[in-house]
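Enquirer: have a look; sequence and predicted model below, questions after that.
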Amino acid sequence: MIGRTIFRMLWVVAAFFIAALAALGVLFALGAIWVGDELRAAAPHDPALRHGAAIFGVVLFAGTVAPALNALPALLAVVAGEVLRIRSWMYYVLAGGASLAAIPILATPEAAQLPAILASHYLTIFMAAGFAGGFVYWLLAGGRA
């Protein structure tokens, strides 16, 4: 009984980190594509951006988003799901999306900029990454909470 509980706790931690890595992969991939498209649209005739926009997109998106990343909202969602023994895939997918959507909202410096953040592509990208991370967590550990 004790061994099973310890194994479960270790598996939850490992599954959380794997799901976080999956969410980060989706976040940076979608963010890089979006920033690359914006760069191409800003300078359509620049040969460096025409061929290297994806690389510039990764660098710019990672440089602006990485400092704002925080795993606390996702960790709270995982702990709540485990304590309450929630097994629904929908909970973990929606909680993952909400926890990553909270990051740009919480990182907004002024309340006046909040409507612009809510309508931006940032929120969509963060939510999509959170959905992916929540689904991966549910596949690994959440379905057996």
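Expert: Arrived safely, thanks for sending.
Enquirer: contacts for the helix or strand bottoming out on mean pLDDT in the chain next, please.
Expert: When the helices and strands of the chain are scored by mean pLDDT, DSSP states H and E, helix 47-65 comes last with a mean of 72. Among residues not part of helix 47-65, those counted as contacts by CB atoms under 8 Å, 6 or more residues apart in numbering are 27-28, 31-40, 42-44, 122. C-betas here are computed from N, CA, C, even on glycine.
Enquirer: and it, which residues are buried?
Expert: Buried residues in helix 47-65, defined by neighbour count with 16 or more other CB atoms under 10 Å: 49, 53, 54, 56, 57, 58, 60, 61, 62, 65.
Enquirer: and the longest helix anywhere in the chain with helix 47-65, angle?
Expert: With secondary structure taken from DSSP state H, the chain has its longest helix at helix 2-42. Using axes from the mean of the first three to the mean of the last three CA atoms, to 10 degrees, the inter-axis angle of helix 2-42 relative to helix 47-65 is 140 degrees.
Enquirer: okay, now the unreliable bits of the protein?
Expert: Low-confidence segments of the chain, defined by pLDDT under 70, span residues 63-70, 111-112, 145.
Enquirer: show the buried residues in the contacts of helix 47-65.
Expert: Neighbour counting over the contacts of helix 47-65 (16+ other CB under 10 Å) leaves 27, 28, 31, 32, 33, 34, 35, 36, 39, 40, 122 as the buried ones.
Enquirer: wait, the first one sits on residue 125?
Expert: What it means is residue 27. Yes: proximity of residue 27 to residue 125 meets the contact threshold set by CB atoms under 8 Å, at 6.3 Å.
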